[in-house]
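# Kindly return the folded structure for what I paste below:
(one chain, ligands or ions: 1)
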Amino acid sequence: MNATNKYKIKAFNDEICICDVCGKSELKGTYVMLDLETNEEFRAGSTCGSKIAKWTNKEFTNKVKQLNEENLLLAINEFKNSIEYINNNKDLEESYFFEYEERKAYIKNSTELLRLKKIEIKNKYNVLF
Ligand SMILES: [Zn+2]
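Modelled structure (predicted):
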């Protein structure tokens, strides 16, 4: 395995703000890096992450961008296939000809559940949509 594809960036979040490589703390967040040879995960800031993986800063940034795009697609897909989304759509369709207040009441419950589902998925994938 070539050094430049020995590692994969799995995620970025602020669950842990200490770099496992250099020990620097109080980072805004850390990247979860996976060593594809040993299957071991570690946390790193962008400087240490690119150094270890032998990527340039630009390569690191591109990989983060790619990861974010993948996560966004996964998040939207999971959201649109969720039972909350399906139920809310059903309520919206069923109440299409209702009066405004009646419709609002009819969809209230499923809309709230959908709102919570969206927050859950946003947090899971660390993306905005
Ligand atoms: Zn570091």
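# Shouldn't Asp91 be within a strand?
No - with DSSP: H, G, I helix; E, B strand; the rest coil as the criterion, Asp91 is helix rather than part of a strand.
# So it is in contact with Glu102, correct?
No - assessed by CB atoms under 8 Å, Asp91 is found out of contact with Glu102, at 11.9 Å. Backbone N, C-alpha and C define where each C-beta goes, glycine included.
# Those residues of this structure touching the ion, which are they?
Proximity of the chain to the ion (CB under 5 Å from the ion) is limited to residues 19, 21-22, 24, 45, 48.
# Comparing Asp91 and Glu102, which shows the higher neighbour count?
Asp91 (18 against 11; other CB atoms under 10 Å).
# if I look at the more buried one, how far off is the ion?
Applying CB to the ion, to the nearest Å, the value for Asp91 to the ion is 49 Å.
# got it, and Lys28?
Distance from Lys28 to the ion, by CB to the ion: 13 Å.
# same question, Lys90
The gap separating Lys90 from the ion is 49 Å, by CB to the ion.
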